[in-house]
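S.K.: predicted model, plus sequence, below.
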Amino acid sequence: MTQDFQFLKRLYNAFDPFQPLPAGHPAYVNCNDVRGDGDILVGVGREILMSYRMTCQLFGGHRGAGKSTKLLRLQDYLD
């Protein structure tokens, strides 16, 4: 029991939902197929790159769903 608890404690602390993953991080898992949403690089990225005017995009989701991680990937893509 103690060994299982220590494993769970290490696992719990290995993932911090308040620290987004940087673009290209090996721990990133693309869940678009399961979630049913489109890729932010295609949808929002295309709108930002192709538009001659300033755009305003609303990007939302549940807490811990990966919004900041996706936005960091978008920033890397746009750079």
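M.R.: Arrived safely, thanks for sending.
S.K.: hey, which helix or strand in the chain has the poorest pLDDT?
M.R.: Lowest by mean pLDDT, DSSP states H and E among the helices and strands of the chain is helix 32-35, with a mean of 72.
S.K.: neighbouring contacts of stretch 66-78?
M.R.: 20-24, 28, 31, 40-41, 44-45, 48-49, 59-61 (C-beta atoms under 8 Å, 6 or more residues apart in numbering). (Glycine included, C-beta is placed from N, CA and C.)
S.K.: brain fart, stretch 19-35
M.R.: With C-beta under 8 Å, 6+ apart as the test, stretch 19-35 has contacts from 38-39, 66, 68-69, 71-73, 75-77.
S.K.: so of those, which ones are in helices?
M.R.: 68-69, 71-73, 75-77 (DSSP state H).
S.K.: now rank those residues by neighbours and give me the top one.
M.R.: Each of these was scored for neighbours by other C-beta atoms under 10 Å, and R73 scores highest at 23 neighbours.
S.K.: look up how far N30 lies from that residue.
M.R.: 10 Å (C-beta to C-beta, to the nearest Å).
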